[in-house]
Each structure stands twice: as C-alpha cells, then as structure tokens.
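Peer 1: Got a predicted structure plus its sequence, pasted below:
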Amino acid sequence: MKYQRKNGDKIQCLICPRNCNLKEGQEGFCHVRRNENGEIKLVSYGYNTGLAIDPIEKKPLYQFFPSSSVLSFGTLGCNMGCQFCQNWKTTKNKSDCHLLNRTSPAEIVEIARKYNCKSVAFTYNDPIVFFEYALDTAKLCREAGIKTIAVTSGFINPEPAAEFFKHMDAANIDLKGFSESFYRKNCLARLEPVLETIKYVKNETDCWLELTTMLIEGENDSDSEIKAECEWILKNLGDCVPLHFSAFFPNYKFMNKKSTDFATLLKAYKIAQETGLKYVYTGNLTNQAVSSTYCKNCGKPVIVRNGYQLFEYNLHDGGCAFCNIECDGRF
C-alpha cells in the first residue's frame, strides 16, 4: 500500500498531514487506518454507512450538472477533529467496521447505473481516510461513464492529493474558517495544508471545484475573517469558484452554541459579492435570491433555484440565454 514508510518499529501513514506513527495494532487519528503486520491497512475498505440518492445540489454543488442525481456514501472515521461536526455519529464512531453494510466498488457502480445516477459522491465522512476504497470506486465509475465527486476537508498531503484528485470530476472542499487559531482550536488541525490543497485542485487539475464555509456565530463569522477568506479566494483562485456559506446547528461538543441566523449567512453573502466573487450561495438556510446562479456578465439569473429545487434554467450549451457569455461549471 502506498503512502507509508517504516520508522523504526513503527509505520508512518503519509496520507494526511498528521503523518501518524503507528505501532503494531495501533490505529491512526482517523480510527480506520491501522498498522497490521507492518503495513497500513484501511480497516473500513468495502464497508459503508449506507447509500443514498441525493440531488447534486445537496453536496453542495450548484454548477456541476444541476438537478442531476448523485449516489452518495461514506464510511467511518475522519482525520479532522472538528468539535462542531454535523456527522459526528459516523466520523467519531469507533465501532467495528464489520457491523456496517458491505458494498464493493463494482456494486456501487451497478447501483448508480440502476438508479440513473449521473455521479457517485464520496461524502458523509472524509474520503481522504478511505482513500483506497474511494479511488478503486472512482476508477470503475470513470470506466462506466459515471462522474466522481469528493466532499472533503482537503486535509491531505500533496503526493496522495495528486493521485486522489486525478480521479475526481468535482470536489466541494470544506474551508472551515479562515484563521489558524480556529483550525487548531476547533478542528485540531491546520489551515495551511487545506489552502494548498484548494490551490492545487483549482490551478493544477481538471476537477471542478466549489467551496463551503459553515459559519458559527462568535467563532468564524467576523466581517474581517470572511473578507480575508474572500480576498484570498479572489487572489489565488480567481473570481469564478462558487462559494457556499452554510448554517451551523448545535452538535457534538458545540451543543451550547446557537444555530446560525439567516442574517449571518446573508451578511457573508454580501461581503463575498462586494469582494468580487461571481458565484456566491447560502445553504441550509436559504431563499431563491441567494440560491440562484447569476450571469457573471449581465447579472441576469441563469439558474433559478431555492435550495435543492430548480425552477428556471436559462443556459444554452453552458452559455447565458440573455447575453451568450459562458457560465463557469459543467453542464
């Protein structure tokens, strides 16, 4: 198995920046990558927490084959330590993976075909930790003409990132905040590797990229932090990467925090637009005005939606029906 090296009597896992040094029988931070007989083994390979058919907008991906169906699945474990995790019952679950459903990569492809899913999404927990299972599935999807999607934190080392995103057609990377202190305190991780992954995906691959930031009031929602994030996106990625601001709901170790008000999302939405980003959305709490896609040239609505519901589609061969300028995305 790739991305490991012997380090004395331990084996070091090199998938993510944690670079866990594991004794025989020891699991990494993610709970699913373990030193077994002197090799890193993915103990969750082939096991998942259930398969679901979702609208693509739920990932969220708003400019990647809008209104198409996606087959979603995940496993257990995560290499992030988010204290506010919305999926903590699976990401923090240390149960035996063998208690889960077992579905091979080939079976996942057949299910996607059976239900006419345009794509398969590796989601719910971070596919970085089930790297081999995700890649084996992605390769078979590509052979079958099915698109592949990663919903990820982007906390991955550069070499495995190159292999991983080579097999992904789209990604939504969760940019959890825009300060090193927020990442260290609330995610038990670091911001810089995430930023490097985001730059790599946008500037070095053909993978369609969208970003999501979940706003937690009093933690990562200050005007200055949101402004800094948007300015970084503009400088390093350009003005056409879609950015979603989503609402936090009390969960895991943040049960004492209040749910995010819509006004907080709307404030961030306006800051992003004023900074110059062309495609900005809100999620979880939304309305038609802040869910719709507007032409970057004439400003007219080219995709009118409210959350997961699509009402108007004013694109012809990917171009604006009003001024003919191409809309960024995959259509």
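Peer 2: It's in. Numbers count the residues shown, from 1 in each chain.

Peer 1: domain ranges for this protein?
Peer 2: For the chain, the domain assignment from automatic domain parsing gives the residue ranges 48-286, 288-331.

Peer 1: Determine which stretch of the ones you listed is the most buried.
Peer 2: The highest mean neighbour count among the domains of the chain, using mean count of other Cβ atoms under 10 Å, belongs to domain 48-286: a mean of 19. Using the backbone N, CA and C atoms, a C-beta is placed for each residue, glycine as well.

Peer 1: mean confidence for it?
Peer 2: Averaged over domain 48-286, pLDDT sits at 97.

Peer 1: Kindly check the end-to-end length of that domain for me.
Peer 2: End-to-end span of domain 48-286 (Cα to Cα, to the nearest Å): 30 Å.

Peer 1: How are the strands of the stretch 201-331 of the chain distributed by residue range?
Peer 2: 208-215, 243-247, 280-283, 293-294, 301-306, 309-313, 315-316, 319-320 (DSSP state E, counting those that start in this stretch).

Peer 1: Show me what the first one is packed up against.
Peer 2: For strand 208-215, the packing partners by 3 or more Cβ pairs under 8 Å, 6 or more residues apart in numbering; DSSP states H and E come out as strand 170-174, helix 192-204, helix 223-237, strand 243-247, helix 262-275.

Peer 1: Can I get the longest one as CSV, trimmed to CA atoms?
Peer 2: Extracted in CSV, the C-alpha atoms of helix 223-237 (Å, rounded to 0.1, in the frame of the first residue of the first chain):
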residue,chain,number,x,y,z
ASP,A,223,-16.6,40.5,8.9
SER,A,224,-12.8,40.7,8.8
GLU,A,225,-12.3,36.9,8.6
ILE,A,226,-15.0,36.5,5.9
LYS,A,227,-13.4,39.4,4.0
ALA,A,228,-9.9,37.8,4.3
GLU,A,229,-11.2,34.5,3.1
CYS,A,230,-12.9,36.1,0.0
GLU,A,231,-9.8,38.1,-0.8
TRP,A,232,-7.7,35.0,-0.6
ILE,A,233,-10.1,33.2,-3.0
LEU,A,234,-10.0,36.1,-5.4
LYS,A,235,-6.2,36.3,-5.4
ASN,A,236,-5.4,32.6,-5.5
LEU,A,237,-8.3,31.0,-7.4
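
Peer 1: follow-up on the earlier one: quick one: the helices and strands packed on strand 208-215 as CSV, columns for distance to residue 121 too.
Peer 2: Listed next are the helices and strands packed on strand 208-215 as CSV, based on distance: least, Cβ to Cβ, whole Å:
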stretch, distance to residue 121
strand 170-174, 9
helix 192-204, 16
helix 223-237, 22
strand 243-247, 15
helix 262-275, 23
